[in-house]
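# My questions concern the predicted model and sequence given below.
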Amino acid sequence: MTERKILIYPESKNKLRMKSEPVESVSSGVKKIIKDLKDTIKEHEEGIGLAAPQINIHKRVVIVCLGNDQNGDWEAGTPRALINPQIIMEADERKDFDGCLSFPGLYGETIRPHKLRVIGLDESGHSFDEVFQGFNAVIVHHEIDHLDGILFIDRIKSPEDLYRMHKKPSGEIVKVPIGVKINPL
Ligand SMILES: [Zn+2]
């Protein structure tokens, strides 16, 4: 296992804000980055995507756990790498759930495209040109943002849209807006 420490905001703010460089090809070095990303995300069951800069590697490599939401129940799939991903079309902006392994316990509602056409390289070094839809588009957009130093908190439009999840003794999970004290009842 080669899992790495995930950089956390705000302690690693400067590193998370850096712009990442494209890679020239899917070299053994890039394959090692992909393996490190996959090993790292395995340690975080809530993780559905991870970008290389989050493990302090400023290269344009991300992994995404795309799911199938045909039945309305979205479930994360196995991690897949997108290398030098580039958005060539985006549409259908909507508000949706967001969160990030660099912001443990913090969630929000961001506005992102739900239709995204992306070109790039896959793990074998082959080029792809693909349209991502729905929550899959949200994940891909979130991870590509990381490569430009953009974080999900930047896409929160109103303070009430940022919250923590709190489990009440009853087992009920409630959203607690930031700055509001948790009522144990
Ligand atoms: Zn993130």
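Here it is on my side, so go on. Numbers count the residues shown, from 1 in each chain.

# Would you map the helices across this structure?
Counting by DSSP state H, the chain has helices at residues 13-16, 28-42, 134-147.

# I150 and I144: what is the separation?
9 Å (Cβ to Cβ, to the nearest Å). Placement of C-beta: from N, CA and C, glycine included.

# now do I153
Using Cβ to Cβ, one gets 16 Å for the distance from I153 to I144.

# More neighbours: which of those two?
Counted by other Cβ atoms under 10 Å, I153 and I144 do not tie: I144 has more neighbours, with 22 against 15.

# Go ahead and confirm the more buried one touches V64.
No: the criterion here is Cβ atoms under 8 Å, and I144 misses it with V64 at 9.6 Å.

# now, of the helices of the chain, which is deepest in the fold?
With neighbours defined as mean count of other Cβ atoms under 10 Å, the helices of the chain peak in mean count at helix 134-147, which reaches a mean of 22.

# just checking, what packs against that helix?
Under the contact criterion of 3 or more Cβ pairs under 8 Å, 6 or more residues apart in numbering; DSSP states H and E, helix 134-147 touches strand 49-51, strand 61-64, strand 80-99, strand 106-121.

# Nearest to E24, out of those strands?
Smallest distance to E24 across the helices and strands packed on helix 134-147 (Cβ to Cβ): 9.3 Å, for strand 80-99.

# Give the bridge partners for K167, please.
Counting by DSSP bridges, K167 forms beta bridges with I173.

# State the pLDDT value of it.
Per-residue confidence (pLDDT) for K167: 84.

# do N68 as well
Per-residue confidence (pLDDT) for N68: 80.

# OK, contacts around it?
74-75, 77 (Cβ atoms under 8 Å, 6 or more residues apart in numbering).

# List the contacts of K31.
Contact analysis of K31 by Cβ under 8 Å, 6+ apart lists E123.

# Now with 6 Å, please.
Going by Cβ atoms under 6 Å, 6 or more residues apart in numbering, K31 touches no other residue.

# again with T40
Residues near T40 by Cβ under 6 Å, 6+ apart: 3-4, 55.
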